[in-house]
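Peer 1: Give me the fold of what follows.
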Amino acid sequence: MRRWRRPEPAAAQPAAAGPPAAAPGAAAAPAPGHDRKDPAGHDYSQPGAAMPAAAAPAATRPRFDAASGAWTGADGKPLWSPNPRMAPPWLTRAMVKAALVAMAAILAWKALGALYPLIMVVVTAIFVALAIEPPVDWLVRKGWRRGLATGAVMVGVFALLGAATAAFGSLLVGQIKDLVEQIPEVYEQVAQWLSKQFGAEIPTQNEALQQVVQSWGSQLAQNAWAVGTQVFSGLISGLGGILLVYYISAQGPKFRATICSPLPPVHQRVVLKVWATAQDKTAGYISSRVILA
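Peer 2: Next up is the predicted model:
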């Protein structure tokens, strides 16, 4: 009887020749043709050569300055401050700029407040000059000189204002006179009603008049200088406004040419169109107000 035998295992075939496996922890060999050079020019393409961790040259790496507590670059200037108690270098400049801007804004506001009366005079003069521009232009087209036409129109405007004041002033004065004449009677009726209803003692007309005259007289004597100063400043502002109106209207073409001279032609046409529109609208508005009055 033949005994069965287990077949012998086949011999292991040798592996194909190739590069040896890299040991644990060793740097991987670079692929053929791969160039591994650092910025200094050292070649690390050979097997077993390791590339340094720093990619930048040592001269350009940031350094820590122990004296100032900040990181500095190659030029010695600080890059940042790791110390939270140390302010960044831009903070001082920003604070100085903010303070200068705040001071400039305050000065501008104070200047506008001080120049408010002058600004109002200039704005009112421009408004009035725009209003009288159409009749001035009409007289200029008739052959008048522009200065003479402006003076004639302004004299006519003042004459119309004087006539309107005289016409409505007489009516207003008559109404005020009637009211003053009725004051004693109304005072007596009110005094009697208060005495009957509440038992109040109301001074007589003469006593009340004396008290009013004394209080107003003392206040007027104390504020006489202030009242005179205000009246004088009002007269000066009025005369200045009249002269400004005359100048703007008489020198209207030169004034517009001076404004439009630094502008390009396209913008000049826009400015002249806006000026003409504002002039027509202002004149129409004032004419309608005068007619309705």
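
Peer 1: for the stretch 51-200 of the chain, what are the low-confidence residue spans?
Peer 2: Regions of the stretch 51-200 of the chain meeting the criterion pLDDT under 70 cover residues 51-62, 64-71, 73-88.

Peer 1: let's see 90
Peer 2: The stretch 51-200 of the chain contains residues with pLDDT under 90 at 51-94, 111-138, 141-143, 146-147, 157-158, 160-200.

Peer 1: As a check, name the ranges of all strands in it.
Peer 2: Ranges of strands within the stretch 51-200 of the chain are 63-65, 70-72, 78-80, based on DSSP state E, counting those that start in this stretch.

Peer 1: list the buried ones in stretch 268-285?
Peer 2: Within stretch 268-285, the residues scored as buried using 16 or more other CB atoms under 10 Å are 268, 275, 279, 282-283. Placement of C-beta: from N, CA and C, glycine included.

Peer 1: So among those, where is pLDDT lowest?
Peer 2: Within the buried residues of stretch 268-285, residue 283 has the lowest pLDDT, namely 79.

Peer 1: And that one, how far from residue 219?
Peer 2: 44 Å (CB to CB, to the nearest Å).

Peer 1: can you check residue 254 too?
Peer 2: For residue 254, the distance to residue 219 equals 50 Å [CB to CB].

Peer 1: same question, residue 130
Peer 2: Counting by CB to CB, the separation of residue 130 from residue 219 is 41 Å.

Peer 1: The two: which is more packed in?
Peer 2: Legend: neighbour count by other CB atoms under 10 Å for residue 130 and residue 219, higher for residue 130 (21 against 11).

Peer 1: contacting residues around the more buried one?
Peer 2: 278-279, 282-283 (CB atoms under 8 Å, 6 or more residues apart in numbering).

Peer 1: From those, which land in helices?
Peer 2: 278-279, 282-283 (DSSP state H).

Peer 1: need those residues in a markdown table with distance to residue 163, can you?
Peer 2: Converted to a markdown table, these look like this (distance: CB to CB, whole Å):
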| residue | distance to residue 163 |
| --- | --- |
| 278 | 28 |
| 279 | 25 |
| 282 | 22 |
| 283 | 20 |
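
Peer 1: which non-adjacent residue is nearest residue 194?
Peer 2: The shortest distance from residue 194 to any non-neighbouring residue, by CB to CB, 6 or more residues apart in numbering, is to residue 200 (4.8 Å).
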